[in-house]
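Enquirer: Here is my input, please return the structure:
(chains A and B)
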Amino acid sequence: MTPAGEAWRRFRKHKLAVGSAVVLGLMILAVLFGPLFWTVPIDEIDFTARLQGPSLAHPFGTDDLGQDLLARVLYGGRISLAVGFAAMGVAVTVGVLVGAIAGMSKGPVDVALMWVTDLFLSLPQLPLLLLIIYLFRDALADLVGQELGVFIMIVAVIGLFNWMQVARLVRAQFFSLREKEFVEAARALGASRVRIVVQHILPNALGPVIVAASIDVAGAILAESTLSFLGLGFPPDTPTWGRLLFDAKDNLDFAPHWAIFPGLAIFLTVLTINFVGDGLRDALDPRRVQ
Amino acid sequence: MDEAHLRAMIEEVRAGVMTRRAFARRVAGWGLTAPMATQLLALTGAAPAAAQAPAYRPTRRGGGGALKILYWQAATLLNPHFAIGTTNSDASRVFYEPLAAWARDASLVPILAAEIPSLENGGLSPDGRSVTWKLKPNARWHDGAPVTADDLIFNWDYARNPAVAASTSGSYRDVAITKLDDLTVRLDFAQPTAFWADAFVGNAGMIIPRHLFAAFNGPNARDAPTNFRPVGTGPYRFVSFTPGDMLRAELNPLYHQDNQPHFDTLEIKGGGDAVSAARAVLQTGDYDYAWNVLVEDDILTRLEAVGRGRVEVTPGGSTEFIQLNVTDPNREVDGERSSLATTHPAFSDPAVRQAMAMLVDRAAIERFIFGRAGSATVNILNNSRFTSPNAGLPFSIQRANEVLDAAGWARGRDGIRAKGGTRLKFLFQTSVNAPRQRSQAVIKQAAQRAGIELDLKGVTASVFFSADVANPDTFSKFYADMQMYANGPSGDPQRYMSQFASWEAATRANAWQGRNIMRWRNAEYDAALRAADVELDPVKRVALFIRMNDLVVGSHHLIPLLARPGLSAALNNLRTHRSGWDGTLAFLSGWWREA
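Expert: You can find the predicted model right below:
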């Protein structure tokens, strides 16, 4: 049996993870292709249908301007998921790079890099996010437009504050792997340092990275929602999940549907991603025998 | 609407053919404020109705228990001469009082003054060059010292001292003061002044004690301990103050009005937001009164249904409007954006401004978003819902499209109109506040159908309305194409209308302290404003103000949306005394609770 097949066999045993993967997959499909089938515009104002509960015409109900919430949740999901995965990509790239360099080099480079990692770990994330957004939002918006500018900034900022765990994991993996016999064999055959890292060590270190990455996705979605809930981040008419919650909070007691659906979407996404990560950890752990 | 027409109407009032209220409503339709209407009748001999104060039943001082007030923007200091923004003014008003205040019908009521100066009692000179104020003989500071003419002279000197840098300096700069006796002073104006009730009146007129501030009349003014521990004349005296959080006061046994105040202690709590403040009064009853609950009307109505409290609507002169930038926010001249050296690439075309004015659905915004908190208006200088015959364009997406087509703004492939490389894509900013964001969305949708794209931006209120020179997001910098907010005159519109005078333009040179934020400049307007300043004939002066209103609204750089009455929440058993023409707590001594 191939290693991938073995991992899949183990993953399947984690019932919760399989269920979560199905739910998550469905949500991603809905967000990607849903707007093709549910073609109600996200910003169609209809004062005759304000704050309506779920109905056939509006399955998730409407907000106080009569805008369809299903369309808005689907659109917001694209942004939230895009932010989540893109920020994860940034975090993993930076983390693997820093971790690999630190793990392969001994002495001052390793020490310096770990200092930087500790430094980033000790920074208060939310206040710094607010500061960076305040400082650079306008400059970036002028460069690439408002919505894309905010997207790039949020992805970069969230990504650059979440690479530390990955870097530590990778460094620890590298420390143990670089002394292993198969690495020594490759070295004895005259393989270059880069080849050893890319071909031999990295593939074996990826398991924990994938798990950490899945948790980063959830963290990034939550961070984006927090920013939107604080009224920062995307323009006020962009219905990200956090923004929908922010708009809904004043009406919570008499129009709960407005908050429940985006809230449920965030909850389900983060929960399922965490379970999938859990399943992946079990599946990719080479020491686990079963 | 002209002078002859006005005079004919005043004759009708005098002859009893037209009621005063009908007169006020008619002139309001031409863009006049209520204070001007009452002033007009007074100065032409048709005396105004006596100011109707709400009933005050308590028959002794005190015994009302605690009064708990919620201000979701908290006060940070308690010196009225340094107050920028209503919260500091209002908190100072608990302790300090002016000579006279503006009542709810926009007439003057004496507070520390023995009477209101008039031609009959000799307080006003017929040539409009001086006014004489007499203090109440029984007014005492909280520490027992008497209030004298020397205190008035000190306040005049303190406010106009450049080293003090008081925010009230504008009210005292152009007057001279003479002490006539221990309780009487005369103010002399350099030129005939139609509006004499500025110094020592209303929020700018609060009087601080000489014996406690005399040592701080200079660059050390901000170090005075009494800036945070006030000793005034007001109905309540100071107990404790935590800036940005909590202010406590207790009954002043020396107060100069009989049987007032009613409450034994007073507590003003700051923080939170408008919705939570409304809930704390209407839903849970934790507080007696909440200031400025600008919340969607649906929410307020549902909270009122709980039955604990009510929403109080106080008519005033405030107007919510949209400004279209005259200058170009995207071009820097010598490092300054929105510089007077530039013109806006799209809004310099009157057709674009007209189209924007036609894309504002005031009726829907009033009906579905603001409710009681706003009524549609097309005038900047008014407080009525009567349409002016002179200004304003009806909402019509179709007409807007026609106007833009005729002016040569053709739709591009993305549906957005453009002409000569300029696209109709605008940044539209306002403060973070649910009704404002909803209005933005409504306007954005209408604009989209006319081929105009709006990027929306919401700035936290504390940043948007701050005077922070380093912050690019303030409303006075106006680094956007359009913005929306509200303001209003207190009493006379002279100072209010100076916000469209060309010499008031906000620029980097004046640290954006200039009041003309949309940087609109018009020679005819400037001349009319200058003429109104020295015009003593009230009827001619009114005609000038109507012309000013029509000029600025007719340019469509300013698009008035709603007349905005004050909205506050009060428990059912609390009886307040409020005026829309003065501070929220201007008549705090007259508040009481029904048993």
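
Enquirer: buried stuff in stretch B:534-549?
Expert: Of all the residues in stretch B:534-549, those buried under the rule 16 or more other C-beta atoms under 10 Å in any protein chain shown are B:535, B:538-539, B:541-549. Every C-beta, even on glycine, is put in place using the N, C-alpha and C of the backbone.

Enquirer: Just the ones in strands from those, please.
Expert: The strands, defined by DSSP state E, take in nothing from those.

Enquirer: Relative to chain A, which of those is nearest.
Expert: residue B:549 (30.3 Å; C-beta to the nearest C-beta).

Enquirer: does the closest one really touch residue B:381, like I thought?
Expert: Yes. The pair formed by residue B:549 and residue B:381 meets the contact definition of C-beta atoms under 8 Å, at 4.4 Å.

Enquirer: neighbours around the residue in the stretch 101-250 of chain B that chain A sits nearest to, how many?
Expert: With C-beta to the nearest C-beta as the measure, the residue in the stretch 101-250 of chain B that lies nearest chain A is residue B:244; the distance is 18.2 Å. Each residue near residue B:244 was counted by other C-beta atoms under 10 Å in any protein chain shown, and the total is 13.

Enquirer: do residue B:451 as well
Expert: Burial of residue B:451 is recorded as 22 neighbouring residues (other C-beta under 10 Å).

Enquirer: Next one: it from chain A, what distance?
Expert: When C-beta to the nearest C-beta, to the nearest Å is applied, the distance between residue B:451 and chain A equals 16 Å.

Enquirer: Specify the beta-bridge partners of the residue lying closest to that residue once chain neighbours are set aside.
Expert: For residue B:451, ignoring the flanking residues on the chain, the nearest one in space by C-beta to C-beta, 6 or more residues apart in numbering or on different chains is residue B:417 at 3.9 Å. Residues in a beta bridge with residue B:417, per DSSP bridges, are residue B:411.

Enquirer: again with residue B:426
Expert: According to DSSP bridges, residue B:454 are recorded as the beta-bridge partners of residue B:426.

Enquirer: Can you list the buried residues in the worst-scoring helix or strand of chain A on mean pLDDT?
Expert: Among the helical and strand segments of chain A, the one scoring lowest on mean pLDDT, DSSP states H and E is helix A:125-144, with a mean of 78. When neighbours are counted by 16+ other C-beta under 10 Å, the buried residues of helix A:125-144 are found to be A:125, A:129, A:132-133, A:136-137, A:140-141.

Enquirer: next one: stretch A:182-191
Expert: Those buried within stretch A:182-191 under the rule 16+ other C-beta under 10 Å are A:183, A:186.

Enquirer: Show me the contact partners of it.
Expert: With C-beta atoms under 8 Å, 6 or more residues apart in numbering or on different chains as the test, stretch A:182-191 has contacts from A:177, A:195-196, A:199-201.

Enquirer: Just the CA atoms of it, as PDB, please.
Expert: These are the backbone C-alpha positions of stretch A:182-191, laid out as PDB (Å, rounded to 0.1, in the frame of the first residue of the first chain):
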ATOM      1  CA  PHE A 182      18.400   8.100   4.800                       C
ATOM      2  CA  VAL A 183      19.500  11.700   5.000                       C
ATOM      3  CA  GLU A 184      23.100  10.600   5.700                       C
ATOM      4  CA  ALA A 185      22.900   8.200   2.900                       C
ATOM      5  CA  ALA A 186      21.800  11.000   0.500                       C
ATOM      6  CA  ARG A 187      24.600  13.100   1.800                       C
ATOM      7  CA  ALA A 188      27.100  10.300   1.300                       C
ATOM      8  CA  LEU A 189      25.900  10.000  -2.300                       C
ATOM      9  CA  GLY A 190      26.900  13.600  -2.800                       C
ATOM     10  CA  ALA A 191      23.500  15.300  -2.900                       C
END
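
Enquirer: and the stretch 151-290 of chain A, which residues reach chain B?
Expert: When proximity is defined as C-beta under 8 Å from any C-beta of the partner chain, the stretch 151-290 of chain A approaches chain B at A:231, A:235-237, A:247, A:250-251, A:253-254.

Enquirer: Residue ranges in chain A under the pLDDT threshold?
Expert: Within chain A, the ranges that satisfy pLDDT under 70 run A:1, A:231, A:286-290.

Enquirer: mind listing what the most centrally placed residue in it touches?
Expert: Nearest residue to the geometric centre of chain A (C-alpha atoms, centre = their mean): residue A:217, 1.7 Å. With contact taken as C-beta under 8 Å, 6+ apart, residue A:217 is in contact with A:84-85, A:87-88, A:273.

Enquirer: Now which of these would you call buried?
Expert: Members of these classed as buried by 16+ other C-beta under 10 Å are A:84-85, A:87-88, A:273.

Enquirer: Show me which pair in the residues you listed is furthest apart.
Expert: A:87 and A:273 (12.8 Å; C-beta to C-beta).

Enquirer: Residue B:249 should be in a helix, yeah?
Expert: No. The assignment for residue B:249 (DSSP: H, G, I helix; E, B strand; the rest coil) gives strand, which keeps it out of a helix.

Enquirer: Get me the contact residues on chain B for chain A.
Expert: B:275, B:295-296, B:298-299, B:302, B:330, B:364, B:367-368, B:427, B:432, B:434, B:437-438, B:440-442, B:444-445, B:455-458, B:460, B:472, B:479.

Enquirer: repeat that with 6 Å
Expert: For chain B, the residues found near chain A under the criterion C-beta under 6 Å from any C-beta of the partner chain are B:275, B:299, B:302, B:368, B:432, B:437, B:441, B:445, B:455-456, B:458.
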